[in-house]
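Engineer: fold the following for me, if possible:
(chains A and B)
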Amino acid sequence: MNIEDLIIKGLSAAIEQLYGTSADVDVKIEKTKPIFEGDYTFVVFPLVRRSGKSPEATAQELGEVVLNNTPEISKFNVIKGFLNFSIAPSYWAEALLSFDAQSNIPRKNEKVMVEYSSPNTNKPLHLGHIRNILLGYSIAEIMNAGGYDVVKANLINDRGIHICKSMLAWQRFGNGENPQSSGLKGDHLVGKYYVVFENKLQEQTADEVAAALEGRWSCENENIQKRYQDAFEKLGQAKEEKQISKLKGDIKDLVRNQSELMQTCQEMLRQWEAKDSAVIELWSSMNGWVYEGFNHTYKRLGVDFDAMYYESNTYLLGKDIVQEGLEKGVFFQKADGSVWIDLSSDGLDEKLVQRGDGTSVYITQDMGTADLKFEEHGINRSVYVVGNEQDYHFKVLFLIMSKLGRSYAPGMYHVSYGMVDLPSGKMKSREGTVVDADDLLQEMYDTAKAKTEELGKTEGLSDEVLHELYNRLSLAALKFFILKVDPKKRMLFNPEESIDFQGDTGPFVMYTYARIKSILRNAQFEGCQIKTDLVLHATEMECIKVLNEFKTVLAGAAEEYNPAAICQYVLDLAKSYNKVYNEVSILKESNEDLRNMRLQLALQTSQILQRALRLIGVETVERM
RNA sequence: GACCUCGUAGCUCAGCUGGAUAGAGCAACUGCCUUCUAAGCAGUAGGUCACAGGUUCGAAUCCUGUCGGGGUCGCCA
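Structural biologist: Take a look at the predicted model:
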């Protein structure tokens, strides 16, 4: 039992002894703030009504009972309603002796799927994807360490109009270019043609769009013509800038969708769905290039997947669920044949689940895929790592599955993370302000190399080892930077300043680890028995305290889907050990018992650092 | 317009299931390498926790409102 539990147990017993029962009291303690004397604090204010005494008197009598029944506590003090316990110095050596950095949280016998990355195959990955990928991977690792069986899944959006855009542009303007001939990474090559398409579309429709915005545009399709006129009329009345730009955008899209280029693109999608062999062939070969590119980036980031889903296989799923929903009366059909769900009683709107022509929308597929995931993998929980702009979508999806009576519905969870901003504002692929994932990784690598060479501490290391070092350093810096902020919050990434190797960073923690390993190497220490009647330095006691918090932090991070908690912890531990490092000498210690104790602390700390870093995808090095 | 979300030091972020004098890192300034790796440690300076009310013994934390940033409300995914 760890020390916090011991104190809580002692407190509960004391409360029961003094005031009858502790059942209705939430007994929790916190670490005493450094400015006060003590290790752990209990706040007695909630108990004063029960005791009928002043906060001071209540704390005093409680403290006396706990002191008597808990040998690990050496003394206590009372300040106002705060009861501060001091742990007996002799306890810490024992705690270190019984501490096992390798021990695991018991398995929970619960299977969780974590879906992350889920890219489109028409563009290369960028910084936004990186946040998603790092979060997903880390959450999966944390949950696994937290006792869950985890399936990492990737649902690839490999079909649809956006894919056809790249295909059509390549067909028309590509001159047979391929990754080999161009030297471009597959996903970048396909992305290039996506941009070509957008540019050509803009060129070819510029005049028409301009005319349309002045009211001089017409379309043979009555439906479209009507929508255009509506929009144009509204534009004339609109006053707010936001509304005006939205309406202009609507009109632009309307016009562009009628262009030859877009019509051909639509036709291509229809041919794809009809399994036209030429289209399918082009599609497979271009997607192949993209997968090759993605896999390269995934590998470089050090992430992997256990299950792959492809939308080309799943896009028809969910239609039977639409039928089921109609039969159950959960959905209803409108006159045009479209199918909806009315969620107004849940504070939401009506939501379309199938188009009038019987084709699927996004959520139709997601309903089908939800069933598929639970059936295929026998999971208890399904976690979706997806940006917060889709909050509404998942709210609706989960509500629908619950209304359809899916027993798994309570196990669906959306890890909703914020966008990554640049100093210039939001990343926009159209304006070329995205930070490309591969470019970023390369820059990081170069920076890590330059920084390391500048410090000049790596003499005698082989090129191979050095390459691995630069790689790990750069990834540590990037991963730590991204994962240390609360996933829910939007974050700012400044390419010039964000990636540091000093301070609260991944390399800082790696450095702490490497220094410890250096000591252990020199001492040729691999663990031993230690005596428990030693006098520890205050920094050592503090460090052991932090070591003991690991499992609590891990369990919390798993329940909250929060890698940032691990980052924060790993920083605490590294800082705490660095203080020990500066305060006490190990190799020069002549007292063998003390020396062994310190080596043991070093060993345990290094193991926890390594374990914790792995949870956020950071690999350690022996030297740096 | 409706709903969701964020606002903490010059900058990037912790703290938010209510507890004491709000913490780190970066940037600035001062010390510490003949002593286990100075990618480190110790220190100085820097705050109306957006604003206004409320609940409470106690509010950065909970509630309401205002202001500001972002998002969603597509037969896009």
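
Engineer: remind me, longest helix of chain A?
Structural biologist: Longest helix in chain A, counting residues (DSSP state H): helix A:186-213.

Engineer: any idea which helix or strand comes after that one?
Structural biologist: helix A:222-237 (DSSP states H and E).

Engineer: and that following helix, what's buried?
Structural biologist: A:Y228, A:A231, A:F232, A:L235 (16 or more other Cβ atoms under 10 Å). Heads up, the C-betas are built off the backbone N, CA and C, glycines and all.

Engineer: stretch A:183-201 now?
Structural biologist: Residues of stretch A:183-201 classed as buried by neighbour count (16+ other Cβ under 10 Å): A:184-197, A:200-201.

Engineer: so which of those residues reach RNA strand B?
Structural biologist: Filtering the buried residues of stretch A:183-201 for proximity to RNA strand B by Cβ under 7 Å from any atom of the strand leaves nothing.

Engineer: now, which of these sits nearest RNA strand B?
Structural biologist: Minimum distance to RNA strand B across the buried residues of stretch A:183-201 is 14.0 Å, recorded for A:Y194 (Cβ to the nearest atom of the strand).

Engineer: so how far is A:E16 from the residue nearest to A:F232 when sequence neighbours are not counted?
Structural biologist: Residue nearest to A:F232 in three dimensions, not counting chain neighbours: A:G215, with 5.6 Å by Cβ to Cβ, 6 or more residues apart in numbering. Going from A:G215 to A:E16 by Cβ to Cβ, to the nearest Å gives 81 Å.

Engineer: now A:K165
Structural biologist: Distance from A:K165 to A:E16, by Cβ to Cβ: 70 Å.

Engineer: which one's more surrounded, those two?
Structural biologist: Remark: of A:K165 and A:E16, A:K165 carries more neighbours, 24 against 14, as counted by other Cβ atoms under 10 Å.

Engineer: what is the end-to-end distance of stretch A:166-185?
Structural biologist: Terminal residues of stretch A:166-185 are spaced 15 Å apart (Cα to Cα, to the nearest Å).

Engineer: what are the buried residues along that stretch?
Structural biologist: By neighbour count on 16+ other Cβ under 10 Å, the buried set for stretch A:166-185 is A:S166, A:M167, A:L168, A:A169, A:W170, A:Q171, A:G174, A:P179, A:L184, A:K185.

Engineer: mean confidence score for it?
Structural biologist: Mean pLDDT, stretch A:166-185: 96.

Engineer: show me which residues of the stretch 51-200 of chain A are close to RNA strand B?
Structural biologist: So the stretch 51-200 of chain A meets RNA strand B at A:I79, A:K80, A:G81, A:F82, A:N84, A:N120, A:N157, A:G160, A:I161 (Cβ under 7 Å from any atom of the strand).

Engineer: so what's the fifth one bridging to?
Structural biologist: Pointing back at A:N84 there. Here A:N84 sits in beta bridges with A:T41, A:N77, going by DSSP bridges.

Engineer: wait, it touches A:I35, no?
Structural biologist: No - taking contacts as Cβ atoms under 8 Å, A:N84 lies outside contact range of A:I35: 11.1 Å.

Engineer: neighbour-wise, which of those two wins?
Structural biologist: A:N84 (21 against 5).

Engineer: quick one: the more buried one and A:E30, what's the gap?
Structural biologist: Distance from A:N84 to A:E30, by Cβ to Cβ: 10 Å.

Engineer: any common contacting residues for those two?
Structural biologist: Overlap of the contact sets of A:N84 and A:E30 (by Cβ atoms under 8 Å, 6 or more residues apart in numbering) consists of A:Y40, A:T41.

Engineer: all the helices of the stretch 501-624 of chain A, in order from the start?
Structural biologist: With helices called from DSSP state H, counting those that start in this stretch, the stretch 501-624 of chain A shows them at A:506-523, A:538-548, A:550-560, A:563-583, A:592-615.

Engineer: and the end-to-end length of stretch A:75-83?
Structural biologist: Using Cα to Cα, one end of stretch A:75-83 lies 11 Å from the other.

Engineer: in that stretch, which residues are buried?
Structural biologist: In stretch A:75-83, the ones that count as buried by 16+ other Cβ under 10 Å are A:F76, A:N77, A:V78, A:G81, A:F82, A:L83.

Engineer: show me the contact partners of it.
Structural biologist: If you take Cβ under 8 Å, 6+ apart as the criterion, stretch A:75-83 is touched by A:36-38, A:41-45, A:48, A:55-56, A:58-60, A:62-63, A:66-67, A:84-86.

Engineer: of these, grab the buried ones for ChimeraX.
Structural biologist: The ChimeraX selection below is limited to those of these classed as buried (16+ other Cβ under 10 Å):
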select /A:38,41,42,44,48,55,56,58,59,60,62,63,66,67,84,85,86
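
Engineer: tally of neighbours for A:L613?
Structural biologist: As a measure of burial, A:L613 has 23 neighbours, counting by other Cβ under 10 Å.

Engineer: same deal with A:K252?
Structural biologist: The burial count for A:K252: 17, using other Cβ under 10 Å.

Engineer: could you measure from the closest residue to it other than its chain neighbours over to A:F550?
Structural biologist: In space, and not counting its chain neighbours, A:K252 is closest to A:V209: 5.2 Å by Cβ to Cβ, 6+ apart. Remark: distance between A:V209 and A:F550 (Cβ to Cβ) = 59 Å.

Engineer: ok, now A:E30?
Structural biologist: A:E30 is 17 Å from A:F550, where distance means Cβ to Cβ.

Engineer: between the two, who's got more neighbours?
Structural biologist: The neighbour count for A:E30 versus A:F550, taken as other Cβ under 10 Å, is higher for A:F550 (22 against 11).

Engineer: pLDDT score for A:M1?
Structural biologist: pLDDT at A:M1 comes out at 73.

Engineer: can you point out the buried residues in stretch A:493-513?
Structural biologist: A:493, A:499-501, A:504-513.

Engineer: no further queries at this time; thank you.
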